[in-house]
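Trainee: What follows is a predicted protein model with its sequence.
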Amino acid sequence: MNFPQIIPCTLLQFLFLGLCTCLDTISITQPIRDGDALVSNGETFALGFFTPGKPNYQYVGIWCHKIPQKTIVWVANRDNPINNTSGFVSIDTRGNLVVVFDNNDQTVPVWSTNASALHTNDYSVAQLLDSGNLVLFQNESKKLIWQSFDYPTNTMLPNMKLGLDRRTGLNRILTSWKSEDDPRTGNYTYMIDPNGYPQLMLYKGQVPWWPAGHWNGIRWSSSVVPNLFKHSFVTNDIEISCMWSGYNTSILSIVVVSESGFIEWLVSSEQGSGWKRIMRFAPTDPCDQYGHCGTFGLCDPTSVTEFECTCLPGFEHKSPSKWYLRDASHGCVRKPRSLICSKGEEFVKLANVKVPDTSNVVVISSLSLEACENECLRNCNCTAYASANISEGGSGCITWHGNLIDTKKFADGGQDFYIRVNIERDKLGQRKLFLDANITSEVFPKEEKLEESSTHPHLPFFDIRNLITATDNFSATKMLGEGGFGSVYKGELVNGQEIAVKRLSKHSGQGMQEFKNEVRVIAKLQHRNLVKLVGCCIHKEEKMLIYEYLPNKSLDYFIFDASMNPKISDFGMAKMFGEDQIQAKTNRVAGTYGYMSPEYAMKGLYSTKSDVFSFGVLLLEIVSGRKNTRCVNGSHFLNLIGHVWNLWKEGRELDIVDPTLCQPFSTNEVSRCIHVGLLCVQEAATDRPTMSAVTFMLAKETSLPLPNTPAFIFQHKSSEADSLKSRSRRAVSLNSVTITTLEAR
């Protein structure tokens, strides 16, 4: 910038300093210095120096004068602060408004309007208006030279324009602060994209972040909120601009682009003591982010399925493996044999949507909606159409050519959108499109259909071919282990992600209900100690679950991640309890041998005390390093519980401790763990402690009650051992009731 020399009128400057606080103008003889303020005629706004963060940094700005909390709405030298208190604002010899400071008897300029070059004796005057607009004009002719409304910072005031002046090229945009106390140019920009059919867009850096959409005659298309202010939008050969104003001019209102990327609408409180936020716009869910579902994708934040992205009618996933991992950035492509400009073309109506990005559309304001359809059919490159203005029954025509991006579904509101499809494709035996008045949905093939109702979550499906490739056709060298319901294989997807594929055995006994349980529970639960379910696959009679791969042990036993954090999987028998529900009953008994409580194994009854029993078994297994279902050498008992109980009665419970346990260890702590474990596996559910009591007993040095006889104390005489081992698996309880309905896991 060229900063001409300031008139050396130092004496006059000091003579007029005392008048600044009661005037609303700055002239060549009437500057303002640090500590003074220029106040608008109605005392609505003020201009002066302020220090938002670093104490030595001075800025010139405009703030709301009537609000006690100094709210800055415009900054002159936002990227060039003054680092001392010698700054002042004045008019230079060319008639420009400038901000300068004194440095070793030299005047150093830091900001200028750079808009005036006076050739007459007329001089310039700057005035702060009650609208918050700082204007620079020639004193005699009153010709406007410059105004702050043309150069907004992070705040839009009523009757301020946002947008492009086609004649001068001036583009009025809002840019956030760097931080709450740093007015420098930030990372978020709110502006009108003038291409195609102009639309408001919030950018993060240079990337579209949140689209307000195009003006549809009623509101910005991304919003379904009723207008609380008067809006106007103009697009012609002179300008593309939008402007708003309040219905009650006595209440001050502002729009701010925050440093966090929010568009906030604030109004002053009735008492004028502060601000009240009435609206906030920004990405609040994935569908708010621009292009979240990629090209030809549809984002539905109200979807009952877990993934909010689907493909528009007539399209399919471009990269199924990415899509099934909840990455829709690659978008969708038109289905095979579904090319447009052929027989059987129709338009599918999607209601209540935010139409796609309008930066590459053709707008014909004179066409009706019916004529718009014909116009689109005549052009083979036309992929969709909609009304340009939805007010008063609709008018005008927008046609899309090429990619469709950033289409969003609303529960209510939005507008109708018509996409071009080839209905003839249905006659080729492909999947059909089922249409209704609200949305078009696509039914999965039979082998991919998991849900029977909307109550079951819809996880990403993996194609069987991708899993075959990932696991080398389920090679034995890739097997991690075997569980009661099948085998687990290690695999690697095309993107390099390692997975564990749980391939359920056809003869395992786990039906579709258990499969749904496992999918439903893990999909709903998020915890650092839960194995992450990546997706699932149903191919004919095959059912597979795809988990994150954990390097330490397989999915059939104790599982640890790379940092040796324990993980939990296998939720086929899990059931979600209500808040006040303490007991339930299953239709059939199924579970893992050795961990089922007696009331569940014999009667199908389960409760929170069933989990306590299972925890007790696990506690005894950890201390002993042995599984409950395996016989202990030299013992007459068929399981671990009976062996520990026998040692407990003899006072030799420490004999069960795993010999690999690091020495030395606290015998008191180990004895307490065994004691608590026996309390958990008592036969009567009412005798078992609650999990909160278990936690307390393990953590505190408190006296413990004596345990009663545990459940499932199976024993045999040594002479019978061999015959029992060779016999087919059959368990007999203490009361000699044979358990024959168990389905092992």
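Mentor: Now that the structure is in, tell me what you want to look at.
Trainee: I'd like the average pLDDT over the longest helix along the chain.
Mentor: The residue-count maximum for a helix in the chain (DSSP state H) belongs to helix 608-624. The average of the pLDDT scores along helix 608-624 is 89.
Trainee: Next: stretch 639-653.
Mentor: 88.
Trainee: Then stretch 252-270?
Mentor: The average pLDDT within stretch 252-270 is 89.
Trainee: So for it, what gets flagged as buried?
Mentor: By neighbour count on 16 or more other C-beta atoms under 10 Å, the buried set for stretch 252-270 is 252-259, 261-268. From N, CA and C alone the C-beta is placed, and that goes for glycine too.
Trainee: Over to stretch 540-552?
Mentor: Within stretch 540-552, the residues that count as buried by 16+ other C-beta under 10 Å are 543, 544, 545, 546, 547, 549, 550.
Trainee: Where does pLDDT dip in the stretch 601-745 of the chain?
Mentor: 630-638, 662, 713-745 (pLDDT under 70).
Trainee: one step back: quick one: mark the members of the buried residues of stretch 540-552 that sit in strands.
Mentor: Counting by DSSP state E, these place 543, 544, 545, 546, 547 in strands.
Trainee: Just the pLDDT at the first one, thanks.
Mentor: Residue-level confidence at residue 543 comes out at 84, pLDDT.
Trainee: on that earlier part again, what's the longest helix of the chain packed up against?
Mentor: If contacts are counted by 3 or more C-beta pairs under 8 Å, 6 or more residues apart in numbering; DSSP states H and E, helix 608-624 sits against helix 598-603, helix 640-649, helix 667-680, helix 691-699.
Trainee: Double-check residue 229 against residue 242; I have them as touching.
Mentor: No. Using C-beta atoms under 8 Å, residue 229 is not in contact with residue 242, being 11.3 Å away.
Trainee: between these two, who's got more neighbours?
Mentor: Shown here are residue 229 and residue 242; by other C-beta atoms under 10 Å, residue 242 has more neighbours (21 against 16).
Trainee: mind listing what that one touches?
Mentor: Residues near residue 242 by C-beta atoms under 8 Å, 6 or more residues apart in numbering: 161, 162, 163, 192, 200, 215, 231, 232, 233, 234.
Trainee: Mind checking which of those are buried?
Mentor: 161, 162, 163, 192, 200, 215, 233.
Trainee: Not counting sequence-adjacent ones, nearest residue to the fifth one?
Mentor: Closest residue in space to residue 200, ignoring its immediate chain neighbours: residue 212 at 3.6 Å, by C-beta to C-beta, 6 or more residues apart in numbering.
Trainee: Quick check on that neighbour: phi, psi?
Mentor: Dihedral pair for residue 212: phi -80, psi -20, per degrees, to the nearest 10.
Trainee: swap in the one 5 residues further on?
Mentor: Geometry field for residue 217 lists phi and psi as phi 100, psi -20, criterion degrees, to the nearest 10.
Trainee: cool, residue 151 as well?
Mentor: Backbone dihedrals for residue 151, given as degrees, to the nearest 10, come out at phi -130, psi 60.
Trainee: Compute the distance between it and residue 125, please.
Mentor: Between residue 151 and residue 125 the computed distance is 18 Å (C-beta to C-beta, to the nearest Å).
Trainee: So between those two, which is more surrounded?
Mentor: When residue 151 and residue 125 are compared for neighbours, residue 125 comes out ahead with 21 against 15, by other C-beta under 10 Å.
Trainee: close enough to count as contact, that one and residue 136?
Mentor: Yes. Between residue 125 and residue 136 there is a contact at 7.5 Å, judged by C-beta under 8 Å.
Trainee: How about residue 296, nearest residue that isn't a chain neighbour?
Mentor: In space, residue 296 comes closest to residue 332 once its chain neighbours are excluded; the distance is 4.0 Å by C-beta to C-beta, 6+ apart.
Trainee: if I pick that neighbour, what's in contact with it?
Mentor: Neighbours of residue 332 in contact, by C-beta under 8 Å, 6+ apart: 294, 295, 296, 297, 311, 312, 315, 316, 317, 318.
Trainee: Quick one: closest of the helices and strands packed on helix 608-624 to residue 26.
Mentor: Nearest to residue 26 among these is helix 691-699 (70.7 Å), distances taken as C-beta to C-beta.
Trainee: Buried residues of that closest one, list them for me.
Mentor: For helix 691-699, burial by neighbour count (16+ other C-beta under 10 Å) applies to 694, 697.
Trainee: what packs against it?
Mentor: helix 608-624, helix 667-680.
Trainee: Restrict that helix to CA atoms and write it as PDB.
Mentor: Provided in PDB are the C-alpha atoms of helix 691-699 (Å, rounded to 0.1, in the frame of the first residue of the first chain):
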ATOM      1  CA  MET A 691     -21.100 -56.500  40.700                       C
ATOM      2  CA  SER A 692     -20.700 -53.300  42.700                       C
ATOM      3  CA  ALA A 693     -20.200 -55.300  45.800                       C
ATOM      4  CA  VAL A 694     -17.600 -57.500  44.000                       C
ATOM      5  CA  THR A 695     -15.700 -54.300  43.000                       C
ATOM      6  CA  PHE A 696     -15.800 -53.100  46.600                       C
ATOM      7  CA  MET A 697     -14.600 -56.400  48.000                       C
ATOM      8  CA  LEU A 698     -11.700 -56.600  45.600                       C
ATOM      9  CA  ALA A 699     -10.600 -53.000  46.200                       C
END
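Trainee: Residues in contact with that helix: which ones?
Mentor: Contacts of helix 691-699 (C-beta under 8 Å, 6+ apart): 608, 611, 612, 615, 672, 673, 676, 679, 680, 689, 702, 704.
Trainee: Surely the fourth one is in contact with residue 679?
Mentor: Okay, so that is residue 615. No. Contact between residue 615 and residue 679 fails when scored by C-beta under 8 Å: they sit 10.6 Å apart.
Trainee: With neighbour numbers in mind, choose between these two.
Mentor: The residue with more neighbours, out of residue 615 and residue 679, is residue 679; 23 against 18, by other C-beta under 10 Å.
Trainee: show me the contacts for that one.
Mentor: Applying C-beta under 8 Å, 6+ apart, we find residue 679 in contact with 616, 687, 688, 689, 694, 697, 704, 705, 707.
Trainee: Let me know the closest of those to residue 168.
Mentor: residue 694 (75.5 Å).
Trainee: any idea where the strands of the stretch 151-300 of the chain begin and end?
Mentor: Counting by DSSP state E, counting those that start in this stretch, one finds strands in the stretch 151-300 of the chain at the ranges 155-156, 162-165, 171-172, 174-179, 182-193, 199-204, 207-214, 230-235, 239-245, 253-257, 263-268, 275-281, 297-299.
Trainee: which strands and helices sit next to the helix or strand residue 353 falls within?
Mentor: According to DSSP states H and E, residue 353 maps onto strand 345-354. With contacts taken as 3+ C-beta pairs under 8 Å, 6+ apart, strand 345-354 sits against helix 369-378, strand 407-409, strand 415-422, strand 433-435.
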